[in-house]
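[1] Quick one: sequence and predicted model below, then my questions.
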Amino acid sequence: MNELLLKLFIKKHRNTESIAVHTAIGKLAGITGIVCNALLFAGKLITGLLAGSVSIVADAVNNLSDASSSVVTLLGFRIAQKPADKDHPYGHARYEYLSGLIVAGLVLIIGADMVKSSVEKIFAPTKVTISGATFAVLAVSVMVKAWMSTFFASLGKRINSITLHAASIDSRNDAIASAAVLLGCVVGYYFNVNMDGYMGAAVAVLILFSGVKLVKETVSPLLGKQADRELTDKIAALILSHDKILGIHDLLVHDYGPGKSFASVHAELSAEEDPLVCHDIIDDIECDVLEATNVHLVIHYDPVVENDEERNEMQRVMEEIINEIDPQLSLHDFRIVRGAEGAKLVFDLSVPYLFSQSRGELKKRIDKALAQQNRDYMTVIHFDGKA
């Protein structure tokens, strides 16, 4: 079914690296959500009013909010495809993340409203009239929502969309909610027990829980979360595949929305290489990364002196000291600078975010270990990572 819809409405739907295909898939998901949720809302609202059931009416209102969420999703994908302009040089792709956040907010609002109405129903229950139509509407709703969840999940995975992932989770929760309401109707019909308010409350709590989770997931990329490990590994492998590259460090990927990623990295090349040759190598690597990953990479060239015995020896000594303190620490840009005060070992030190010691404490440990080896050097350390 999913493949059939993609073939019918989207040309070259397998080319998910294309921004046009990415946007078209998002629009298809939005339109599908609007149509399905509007139909479910109408059917449940009529059934719920006729039965006098707060849980069914609440479930219907939830579907109406889902239709609104689908409108937001559709608008988010449409605005996200706007090209870069003077005020937004990196484009508008983050609108897709914002639409996901709005969907999460709507989920929370609906959940809070359902808690209120369900609690009122628990303390002031009213008779619920159950019919065959009630069972049929709810059963169809469960099946439709379960399909929508898998549909959105499939599309979200295909184009790596947080918004569609949020829509998938929301649809899954709706399927569970409708199943709970259906169960309450079955219990009430066969055992004459009014479970309407309790089922409505259970559904509301589930919706609130998922809403909080969705907010966390959609806020994360807006705040600048760590890039996907698979992507950074792929970029690193492409850079290191060039035989003139001695090493890399400080690889950072900046996400400005799906299909809009920029990266920077320091690449080490021999100081004996012709600078013009190094420039050409760097240009080639940047083009290769863009073609392979759709990431715009900027490389900072770090020349490395390879034939200085004193420098190489002291780098080996410092690496041993640092490794004894914590194997997760790593140094780069190592050099010896001589001045009026004496020889200085100058280098950058990458520190894990969860490292327990402060910069000052760590430097004291390194200096103490260096002094114990009777090495007449001072250290100038530039720390990466840890604040």
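    Arrived safely. Residues are numbered from 1 along each chain as shown.

[2] pLDDT weak spots in the stretch 201-350 of the chain?
    258-259 (pLDDT under 70).

[3] Quick one: the helices in it, in order.
    In the stretch 201-350 of the chain, the segments counted as helices under DSSP state H, counting those that start in this stretch are 229-240, 275-293, 309-325.

[4] Please name whichever of these is nearest to Ile366.
    Within the helices of the stretch 201-350 of the chain, the stretch nearest Ile366 is helix 309-325; the backing value is 6.0 Å (Cβ to Cβ). Using the backbone N, CA and C atoms, a C-beta is placed for each residue, glycine as well.

[5] Compute the distance from the centre of that closest one to the centre of its chain.
    From the chain centre to the centre of helix 309-325 is a distance of 38 Å (Cα atoms, centre = their mean, to the nearest Å).

[6] CA-only coordinates of it, as CSV, when you get a sec.
    Output in CSV follows, covering the C-alpha atoms of helix 309-325 (Å, rounded to 0.1, in the frame of the first residue of the first chain):
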residue,chain,number,x,y,z
GLU,A,309,62.9,14.5,16.3
GLU,A,310,62.5,16.6,19.4
ARG,A,311,58.9,17.5,18.6
ASN,A,312,58.0,13.9,17.8
GLU,A,313,59.6,12.6,21.0
MET,A,314,57.7,15.2,23.2
GLN,A,315,54.4,14.4,21.4
ARG,A,316,54.9,10.7,22.2
VAL,A,317,55.7,11.6,25.9
MET,A,318,52.6,13.8,26.2
GLU,A,319,50.4,11.2,24.6
GLU,A,320,51.5,8.6,27.1
ILE,A,321,50.9,11.0,30.0
ILE,A,322,47.4,11.9,28.7
ASN,A,323,46.5,8.3,28.0
GLU,A,324,47.4,7.3,31.6
ILE,A,325,45.1,10.0,32.9
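
[7] Any idea how many residues pack against the nearest residue to Ala292 once chain neighbours are set aside?
    Leaving aside its sequence neighbours, Ala292 sits nearest to Leu238 (Cβ to Cβ, 6 or more residues apart in numbering; 6.0 Å). As a burial measure, Leu238 scores 17 neighbours (other Cβ atoms under 10 Å).

[8] got it, and the one 4 residues further on?
    Using other Cβ under 10 Å, His242 has 14 other residues around it.

[9] Quick check: it touching Ile281?
    Yes. Proximity of His242 to Ile281 meets the contact threshold set by Cβ atoms under 8 Å, at 6.1 Å.

[10] about what we covered before: save the helices of the stretch 201-350 of the chain as JSON lines, and put in distance to Glu341 too.
    Output for those, formatted as JSON lines (distance: least, Cβ to Cβ, whole Å):
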{"stretch": "helix 229-240", "distance to Glu341": "37"}
{"stretch": "helix 275-293", "distance to Glu341": "31"}
{"stretch": "helix 309-325", "distance to Glu341": "17"}
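
[11] tell me the contacts of the residue nearest to Ala292?
    Residues in contact with Leu238 (Cβ atoms under 8 Å, 6 or more residues apart in numbering) are 285, 288-289, 292-293.

[12] Which among these count as buried?
    285, 288-289, 293 (16 or more other Cβ atoms under 10 Å).

[13] Averaged pLDDT, the helix or strand containing Thr32. What do you get?
    When elements are assigned from DSSP states H and E, Thr32 belongs to helix 19-51. The pLDDT scores in helix 19-51 average 85.
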